[in-house]
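Peer 1: pasted the sequence and its predicted model underneath.
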Amino acid sequence: MADTTTEDAPGADAAEEAANQAILATSPAIVANTFGDYVRASITRIRAGESGVLPVVGGLILISILFQSLNRHFLTSGNLVNLLVQGAAYMLLAMGEVFALLLGEIDLSIGFVSGIGGIVTAELVKQSNGWPWWAAIAAGLLACAAIGLVQGTIITRLGLPSFVVTLAGLLGWQGVMLLILGKGGSLPINDKVINDIASGTLTPAAGWVVMLVAVGLFGLQTWWRDSRRRASGLVAPPTSVTVAKVIAAFLAGTALVLICNANRGTLVPIRGVPWVVLVVLGVLAMWTFLLGRTTFGRYIYAIGGNAEAARRAGVNLSAIRTMAFTLASFTSGVAGIVYASRLRSVSTALDGGTLVLYAVAAAVIGGTSLFGGRGKAVHAVLGGLVIAAIDNGMGLQGFSAASKYVVTALVLLAAVTIDALVRRRGATGK
């Protein structure tokens, strides 16, 4: 990564320390020597308002119980896999939005930027152009990243509000979509690989192999990280907690593969983990590592926690903020390609305004703060699952689109209220 400190800055060490302090301020470290100590410390943090993902996980459980009691098909393997596929675009867009929210900013353009990514990809794989699928996807993602770079530069260099710049982007990129698609209003995708992103599946055996490899890599990385911190005398969870995390990941992966490998077809057997699930998990892993294990991620939290303190410590605010908007648009490009793959086309019917509102709602419902400085990529995935579950469950019950919007609005309002109360409790408790 390029140097992100200014020439007259106190130095990278000071900036790093400021970033670490910002992270600790929003999520204090747990000091524990045994599993019991860790549990008690965690309970103390929850009572202090640091509830993490517990509210959204509890909400998902309640939503599942409610819809299962209303319709016994809700928790069937076929419907759960369908729910994951439906919610993939929401999860990806929300992960992109997290980059802006962590800074205390917002990006309203990602809905239609995702459409640009889908259009570029679909246009290049047309038979008349003949681009290979991988090159078309790369071009679509680079186009979206370029859009984010331009918008981020305008925001940071000219000092304009992100709300205004990205609102202009929402309107402008919608217009570009209409100009490109023209009177036909639709651009079909005939490439099998791109269409299989949303509809293709792994074989049952391949699903198990991928899960075991993923859990193995997670376990090795977690064990190495915690062991190194213990050896260095830094705060780290006890060995028993590290083992428990790896076991939990294995159980979650096993449950996912079992659900996806169950036959969900009617006339023709359909089994296997959908490709799109791997796409979501891959993006989740990348952004979790970027935000949690790199200097860039620490700087984002530092800016969101206290931008002036980060600036004084030597963090180049303009560079970090511009890169954050670039990554937000890049991630929206991934969502746009997934969305186009699911529909096997790109059309003017894409409602980018609703998509971006769902993205913000998913991130906030999952636990990302609207005030900056607190949030993770996993929050976006969990929030996207909540929105997809509400949409799916109410659809099974035959509720109208109006009812779905109202319920989603109430859930969002509850999430924002909880966030505000947690921040207020944390401030008064210090």
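Peer 2: Perfect, I can see it now. Numbering: from 1, shown residues only.
Peer 1: wait, Ile303 touches Leu103, no?
Peer 2: Yes - at 5.6 Å, Ile303 counts as touching Leu103 under the criterion of Cβ atoms under 8 Å. The way it works is simple: take the backbone N, C-alpha and C, and place the C-beta from them, glycine included.
Peer 1: between these two, which has more neighbouring residues?
Peer 2: Per other Cβ atoms under 10 Å, whichever of Ile303 and Leu103 has more neighbours is Ile303, with 28 against 24.
Peer 1: can you tell me the SS state at the more buried one?
Peer 2: Classification of Ile303 using DSSP: H, G, I helix; E, B strand; the rest coil returns helix.
Peer 1: if we can go back for a sec, between Ile303 and Leu103, which contacts overlap?
Peer 2: Common neighbours of Ile303 and Leu103, counting by Cβ atoms under 8 Å, 6 or more residues apart in numbering, are Arg321, Gly372.
Peer 1: how about the strands of the stretch 251-400 of the chain, start to end?
Peer 2: Along the stretch 251-400 of the chain, counting by DSSP state E, counting those that start in this stretch, strands occupy 345-347.
Peer 1: would you check how far apart the residue nearest to the spatial centre of the chain and Leu167 are?
Peer 2: In the chain, the residue lying closest to the centroid (Cα atoms, centre = their mean) is Met95, at 2.2 Å. Met95 sits 21 Å away from Leu167, going by Cβ to Cβ, to the nearest Å.
Peer 1: that older thread, wait, a helix at the residue nearest to the centre of the chain?
Peer 2: Yes - counting by three-state DSSP, one finds Met95 located in a helix.
Peer 1: that one contacts Ala285, correct?
Peer 2: No - using Cβ under 8 Å, Met95 is not in contact with Ala285, being 11.0 Å away.
Peer 1: just to revisit the earlier point, residues contacting the residue nearest to the centre of the chain?
Peer 2: Met95 makes contact with Val283, Leu284, Trp287, Thr331, Ala363, Ala377, Ala380, Val381, according to Cβ under 8 Å, 6+ apart.
Peer 1: quick check: chain neighbours aside, which residue is closest to the third one?
Peer 2: Taking Cβ to Cβ, 6 or more residues apart in numbering as the measure, Trp287 lies nearest to Ala377, with 4.0 Å between them; neighbours along the chain are not counted.
Peer 1: next one, pLDDT for the one you found please.
Peer 2: Per-residue pLDDT puts Ala377 at 92.
Peer 1: one more: Ser332?
Peer 2: pLDDT, read off for Ser332, is 96.
Peer 1: what's the local residue count around it?
Peer 2: By other Cβ under 10 Å, the burial measure for Ser332, its neighbour count, is 36.
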